[in-house]
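> Sharing a model prediction with you, sequence too.
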Amino acid sequence: MWWLLAFGSAALLGGYDSFKKVSLKDNAVIPVLLLNTILCAAMFSPWLLQTGFGSWAVQKYIVAKSVLVLSSWIAGYAAMKHLPLTIVGPVNATRPVLVLVGAIFLFGERLNLLQWAGVALAIAAYFLMRLSGAREGYERGNKWILCLILAVLLGALSGLYDKYLMSPDYLALNRMQVLSWYSFYQALMMLVVTAFLWWPNRHKTTPFHWNWAIPFISIFLCGADFLYMQALSQPDALIAVVSMIRRGSVLVSFAIGALLLKEKNLKSKALDLVLLLISMVLLYFGSR
């Protein structure tokens, strides 16, 4: 059952990336992210009241989760605004490889032959993707590419941390307590960031304007996170496989980038995507 939840999360995550791209077009990043965190906190607020605060011994872990996720989001939103969706999606798809490698060292998992083959293919696809980006003027030193890489690294750390928080073998925290409270903390943090960093300089940067796609970012993200936490809280769930399946969201975002946003250089990116998908299949069957 957990893998079905992971596939559902992947489909919603692809929609989340797509609405995020539409919302950020010619728009200020920080206010869009602020609205996203406030709407997510509002949607999870019933569980905030139901689960209660508990103790600081629990909340300190959730605060750390909030800082990690929000840092990844800030870097990822900045990259998403300036990079094509067909580049962002494939790079994000390398995240499960990092999670898998991290799981080996942190949780004692071991790679078999199929898993090693999947890792090797994903790394090859990543370097090919960089070549595709370079053809569009996005060189390795491009600051938005660096932001995207930072977002992927922080996202991988967050995935590993989720296993530590919710797995019955570790802290076994209530999944809805984690979701509701970390959404609440992120909204508070973004209010501070907006007040001190964006608001005083708002006339010197890209102005904010309302976009109909903004609320859909939160709706799709909350749905994706809910299914993800449900999957991860099951005793037999494998974080490496769950993370890999979720990155299948690249199929949705790539299709939207190609069909609706009319992005360029699709043929070479499609080859990179195929390699990534093959690597995911190998990792999936190697992790069963």
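That came through fine.

> ok, now which ones touch the nearest residue to Tyr185 once chain neighbours are set aside?
Nearest residue to Tyr185, sequence neighbours excluded (Cβ to Cβ, 6 or more residues apart in numbering): Ser66, at 3.8 Å. Placement of C-beta: from N, CA and C, glycine included. Contacts of Ser66 were listed using Cβ atoms under 8 Å, 6 or more residues apart in numbering, and they are Tyr182, Tyr185, Gln186, Met189.

> Assess the claim that the second one and Lys60 are in contact.
No: at 11.0 Å, Tyr185 and Lys60 do not qualify as touching, with contact defined as Cβ atoms under 8 Å.

> Can you tell me the SS state at the residue of the chain positioned farthest from its centre?
Each residue of the chain has a distance to the centre, and by Cα atoms, centre = their mean the biggest one is for His203: 30.0 Å. Classification of His203 by DSSP: H, G, I helix; E, B strand; the rest coil places it in coil.

> Quick check: the gap between it and Ala28.
With the distance defined as Cβ to Cβ, to the nearest Å, His203 ends up 11 Å from Ala28.

> Then Lys20?
Taking Cβ to Cβ, one finds Lys20 at 14 Å from Ala28.

> Between those two, which is the more surrounded one?
More neighbours surround Lys20 than the other of Lys20 and Ala28, with 26 against 18 (other Cβ atoms under 10 Å).

> tell me the pLDDT at that one?
Looking at Lys20, its pLDDT is 90.

> just how off-centre is stretch 87-100 within its chain?
Average the C-alpha atoms of stretch 87-100, do the same for its chain, and the two points are 9 Å apart (Cα atoms, centre = their mean, to the nearest Å).

> do the same with stretch 247-255
How far stretch 247-255 lies from its chain's middle: 12 Å, per Cα atoms, centre = their mean.

> If we go by neighbour counts, what in the host helix or strand of Ser66 is buried?
Assigned by DSSP states H and E, Ser66 belongs to helix 56-82. Applying a neighbour-count criterion of 16 or more other Cβ atoms under 10 Å, one finds 58, 61-62, 65-66, 68-82 buried in helix 56-82.

> now do stretch 92-104
Asn92, Ala93, Thr94, Arg95, Pro96, Val97, Leu98, Val99, Leu100, Val101, Gly102, Ala103.

> Skipping adjacent residues, who's closest to the last one in space?
By the measure of Cβ to Cβ, 6+ apart, the closest residue to Ala103 outside its immediate chain neighbours is Glu109, 4.4 Å from it.

> and if you look at Phe216?
Using Cβ to Cβ, 6+ apart and skipping the chain neighbours, the partner closest in space to Phe216 is Phe19 (4.3 Å).

> What about the one you found, how many residues nearby?
A total of 23 residues lie near Phe19 under the criterion other Cβ under 10 Å.

> pLDDT below threshold where in the stretch 51-200 of the chain?
For the stretch 51-200 of the chain, residues meeting the criterion pLDDT under 70 lie at 85-86, 89-90, 93, 126-127, 129-141.

> need the helices for the stretch 1-150 of the chain, in chain order.
For the stretch 1-150 of the chain, the helices defined by DSSP state H, counting those that start in this stretch cover 2-24, 29-43, 45-51, 56-82, 85-92, 95-107, 113-135, 143-166.
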